[in-house]
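[1] Fold the following.
(chains A, B and C)
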Amino acid sequence: MPELPEVETIKNYLKRFVVGRRILNFENLNKKQIKVSENDVVGKKILDIERMGKILIIKLSGNKNLTAHLKMSGQFLYFPRNLEKGDLKYARAIFKLNKGYLVFNDVRKFGWLRVGNEEIQKLGIEPFSKKFNIKNLEKIFKQTKRPIKLVLMDQRKIAGIGNIYANEALFLAKINPQKPANKLTKIEIKRLKNSIIKILKRALKYEGTSSRFYLKPDQTKGRYQEKFLVYQKTSKDCSRCGKKIKKIILGGRSTFYCSFCQK
DNA sequence: AATCGTTCCTGATAGC
DNA sequence: TGCTATCAGGAACGAT
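    I've put the predicted structure just below:
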């Protein structure tokens, strides 16, 4: 489940591994999710890698950009050597570069890769930007009575936060995930803003969460799963008060929180 | 306009 | 053992 810290980590690795390389060959192994053809990329040079929310942007020479969303189980892996059979079990797209291979893997086939920027325009505020301030958050939260956790995960409002870090940030901010967004006080909004930044930075430091599918481009795991405060910690002791962490379903998503600490 | 339910997909796991 | 049913989950889409 790549969220902002995972996609940012992938971006950082790919900057080192593939920027400056030329695409010698391209193979589309699932046209339903990969909307890129050989013509779009072969012969192009990879100029830069960027990220917006959970979307990865691959900037190519000739003023053409690719965008990618990894959804549940997508991976971008880089192999400096020749590919082996095991590398390609879930491969959906393969870029042969002038040195090594970039492979888009995706077990569940929810992810996508396409030409263009359309999806980026729909995104809300970037957490690591000036716009991520109390005033704008107040505006966003005031307009809905939906549970705060669902608002945090709404990419058109705030870009990059998914289930893991919404749970973690709300715990740190001591806010109940079910609390209607428009009921948050200014103090709570301030705490939440700081908690989101703190959690995302921490997750970035540990290079993301590898609880299921996520791997970094060098095929090693992130380590934030060792640092979870509440996520997937049902019935474990709350690190703050010692009471049991609860699991509920909110908007169809698993939600973990301490009912004593988070009011 | 806001919000809710459904859909996509496959591996892992639970239950018999 | 081996089968089937259920579940997880981001976000687009259609329905209300």
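[2] Only C-alpha atoms from now on, for both contacts and neighbour counts.
    Noted.
[3] which residue ranges form the helices in chain A?
    Using DSSP state H, the helices found in chain A span residues A:4-18, A:38-41, A:118-121, A:134-142, A:148-152, A:163-172, A:186-205.
[4] Out of these, the one nearest DNA strand C is which?
    Proximity to DNA strand C, assessed across the helices of chain A by Cα to the nearest atom of the strand, is greatest for helix A:163-172 (4.5 Å).
[5] Can I get that closest one in PDB, CA atoms only?
    Taking Å, rounded to 0.1, in the frame of the first residue of the first chain, the C-alpha atoms of helix A:163-172 are listed here in PDB:
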ATOM      1  CA  ASN A 163      -4.800   4.000   5.600                       C
ATOM      2  CA  ILE A 164      -1.600   3.400   7.500                       C
ATOM      3  CA  TYR A 165      -0.500   7.000   8.100                       C
ATOM      4  CA  ALA A 166      -4.100   8.300   8.700                       C
ATOM      5  CA  ASN A 167      -4.300   5.800  11.600                       C
ATOM      6  CA  GLU A 168      -0.900   6.600  12.900                       C
ATOM      7  CA  ALA A 169      -1.300  10.400  12.700                       C
ATOM      8  CA  LEU A 170      -4.600  10.400  14.400                       C
ATOM      9  CA  PHE A 171      -3.200   8.400  17.300                       C
ATOM     10  CA  LEU A 172      -0.300  10.800  17.700                       C
END
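[6] list the buried ones in stretch A:132-145?
    Within stretch A:132-145, the residues that qualify as buried by neighbour count (16 or more other Cα atoms under 10 Å) are A:Phe132, A:Asn133, A:Ile134, A:Leu137, A:Glu138, A:Ile140, A:Phe141.
[7] if you look at that stretch, does any of it touch DNA strand B?
    Yes. Counting by Cα under 7 Å from any atom of the strand, DNA strand B is contacted by stretch A:132-145 at A:Gln143, A:Thr144, A:Lys145.
[8] so who does the second one touch?
    Spelled out, that is A:Thr144. With contacts defined as Cα atoms under 8 Å, 6 or more residues apart in numbering, the neighbours of A:Thr144 are A:Pro180, A:Ala181, A:Asn182.
[9] hang on, the earlier thing: TSV for the helices of chain A, including mean pLDDT?
    Conversion of those to TSV gives the following (pLDDT from 0 to 100):
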stretch	mean pLDDT
helix A:4-18	96
helix A:38-41	94
helix A:118-121	86
helix A:134-142	95
helix A:148-152	95
helix A:163-172	95
helix A:186-205	96
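[10] Just the buried residues of the helix or strand of chain A with the lowest mean pLDDT, please?
    Comparing every helix and strand of chain A by mean pLDDT, DSSP states H and E singles out helix A:118-121 as the least confident one, with a mean of 86. Within helix A:118-121, the residues that qualify as buried are A:Ile120, counting by 16+ other Cα under 10 Å.
[11] Please work out which residues outside that helix touch it.
    The list of residues contacting helix A:118-121 from outside it, by Cα under 8 Å, 6+ apart, reads A:Met52, A:Ile55.
[12] what about it, near DNA strand C?
    Yes. Using Cα under 7 Å from any atom of the strand, we find that helix A:118-121 touches DNA strand C at A:Glu119.
[13] Distance from that helix to the middle of the chain?
    For helix A:118-121, the separation from the chain centroid amounts to 16 Å (computed by Cα atoms, centre = their mean, to the nearest Å).
[14] for stretch A:216-229, same thing?
    Computed by Cα atoms, centre = their mean, the chain-centroid distance of stretch A:216-229 equals 13 Å.
[15] now could you export just the CA positions of it as CSV?
    Extracted C-alpha coordinates of stretch A:216-229, given in CSV (Å, rounded to 0.1, in the frame of the first residue of the first chain):
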residue,chain,number,x,y,z
LYS,A,216,12.1,-0.4,-2.5
PRO,A,217,13.5,-0.4,-6.1
ASP,A,218,16.6,-2.3,-4.8
GLN,A,219,14.2,-5.0,-3.7
THR,A,220,14.8,-4.5,0.1
LYS,A,221,12.1,-3.7,2.6
GLY,A,222,11.1,-0.5,4.4
ARG,A,223,11.2,-0.7,8.1
TYR,A,224,8.4,1.5,9.4
GLN,A,225,6.3,-1.6,10.1
GLU,A,226,8.6,-2.1,13.1
LYS,A,227,7.5,1.3,14.4
PHE,A,228,3.7,1.1,14.2
LEU,A,229,1.9,2.9,17.0
